[in-house]
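> Below are the sequence and a predicted model for it; my questions follow.
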Amino acid sequence: MTSTPPAPRLRATTRPLEHAPDLISLADPNAPMIWTRGDRGCVGVGEVLRLSFSGPHRFTDAAAAWRRIAETAIVDDSVRMPGSGLIALGTFAFADESSAESVLIVPRLLVARHRGQAWITEIAAVDADPAPLAVPDPPASRAWEGVRFGDRALATGGDSVASYLAGVREAGARIERGEFEKIVIARQLEGALPGASDLRVPLTRLAEHYLDCWTFAVDGLIGASPETLIRSTSGAVSARVLAGTRGRHSEDAARDARARDELLTSAKEQHEHAFAVQSVVTALSPHVRDLRTSEEPFPLQLPNVWHLATDLGAALGEQSSSIELVGALHPTAAVAGTPTATAVAAIAELEPFDRGRYSGAVGWIDADGDGEWVIALRCAQLGAPDAQTGARPVVASAGGGIVAGSDPDHELGETVSKFRPITEAFAR
Ligand SMILES: C=C(O[C@@H]1C=C(C(=O)O)C=C[C@H]1O)C(=O)O
């Protein structure tokens, strides 16, 4: 299933930079490689290695391939910060059967910052000539006409919103019959990105508005996710679980506060949230020690929605790499349901599309296996350019958890709120 060419032996050299440059401005406007949140993150320029994986073993295959590359690499790193030295950025498909590729990409140059510190890493095959360790000039600005999204046409030609509502109703009926307790049902929007568009425009908007989210661009998957699947640094592990959502009402403070309070006091939302936390605790427990969670779910305020959130912390109990932890956690109840296997099988039946990388994982890994991975939410996938026009298809996905008593129209409204980061970032 997984096709990986013999990996070259890599050399990575990291040196400090005096000034922290604006990361997004350095990205390739056509194929940006970005991972950023607030005053932290990195931009990749160029590509030295791309590994592809697919099928049910994509996480273990990727973890093994990366371990081999890291073991033989020569790393000269005078910075020693999370994200310095040899790095790959990656994105993994949601479903075992997905036709979407899961990839690990090693950039040729990586410019990164962590609060006040900044550095540059150059990566090449050991026998290749080194590139200068200098920050490249930002590429010239390009046009931005934006993307107008509409409901994605179904392969069967039917109405996609009607199909989503039917899926939610059917999911509710199956929950009533006791087939499963929770399932996440998603829907898709699509649009066309004009050729020669500057993808730094939507990325800058996402990074500026969604300060509590990781803004990412890896292999055409672009978004800003609030949900940390796993972060592992020098033996410490953390995660953020979200489940339970209300749309924001930024124009009306009283209504907005009511939405937040309703979320905090709703038995249904707390119940749904508990499923999601439990699924992460169960999957993580064999790999960690001293697992602790925030006492009570807290309200996470994003520009588009309120979420119920729980933070988890632990010590890494064995030598698992961050990709192995992602493989152990995926898919959580936040994106699949409970029990997992039944929910995943029902998603394949009730959603009339392949989710691709949406609700899979996106993030990075270093030579020690440490890294940061989020659930690929609030995102869109760009396709290949049309041979004639250069326009690229863009598909955005969003969904929500269905439990006993979920109302289909309310769930539809929730997806509208969850699409906002993407529809607004890609607007004209
Ligand atoms: C599935 C999505 O989001 C997930 C589902 C949530 C919910 O059902 O309340 C909340 C946050 C995410 O864990 C999405 O954004 O598409």
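Perfect, I can see it now. Numbers count the residues shown, from 1 in each chain.

> pLDDT averaged over stretch 276-288, what's the number?
Throughout stretch 276-288, pLDDT has a mean value of 94.

> Show me what counts as buried in that stretch.
276-277, 279-281, 283-284, 287-288 (16 or more other CB atoms under 10 Å). Any C-beta I mention is one placed from the backbone N, CA and C, and that applies to glycine too.

> quick one, what contacts whichever residue of the stretch 51-200 of the chain sits closest to the ligand?
Nearest residue of the stretch 51-200 of the chain to the ligand, counting by CB to the nearest ligand atom: Val184, 5.2 Å away. Listed by CB atoms under 8 Å, 6 or more residues apart in numbering, the contact partners of Val184 are 333-337, 343, 347, 359, 399-402.

> what's the answer for Leu325, then?
Contact analysis of Leu325 by CB under 8 Å, 6+ apart lists 230, 232, 237, 284, 287, 373.

> Next secondary structure element downstream of whichever strand or helix holds it?
For Leu325, the host element (DSSP states H and E) is helix 322-329. Going down the chain from helix 322-329, the next helix or strand is strand 337-338, by DSSP H and E.

> Give me the contact list for the following helix or strand past that following strand.
Using DSSP H and E, the helix or strand that follows strand 337-338 towards the C-terminus is helix 340-350. Residues outside helix 340-350 that contact it (CB under 8 Å, 6+ apart): 95, 97, 167, 170-171, 174, 179-180, 182-185, 279, 331, 333, 336-337, 355.

> And the helices in this protein?
Using DSSP state H, the helices of the chain run over residues 58-72, 160-176, 200-209, 253-265, 267-284, 322-329, 340-350, 408-425.

> Show me the least confident stretch of those helices, going by mean pLDDT.
helix 267-284 (a mean of 91).

> can you list contacts of it?
Contacts of helix 267-284 (CB under 8 Å, 6+ apart): 181-182, 230, 237, 239, 241-244, 263, 291, 293, 297, 308, 310, 312, 314, 325, 328-329, 332-334, 337-338, 340, 401, 403-406.

> Separate out the buried members of these.
Here, 16+ other CB under 10 Å leaves 181-182, 230, 237, 239, 241-244, 263, 291, 293, 297, 308, 310, 312, 314, 325, 328-329, 332-334, 337-338, 340, 401, 403, 406 buried among the contacts of helix 267-284.

> could you pick out which of the residues you listed are near the ligand?
Near the ligand, judged by CB under 6 Å from any ligand atom, the entries from the buried ones among the contacts of helix 267-284 are 242-244, 334, 401.

> right, and out of those residues, which lies closest to Pro56?
Within those, the smallest distance to Pro56 is 20.4 Å, found for Ala334 (CB to CB).
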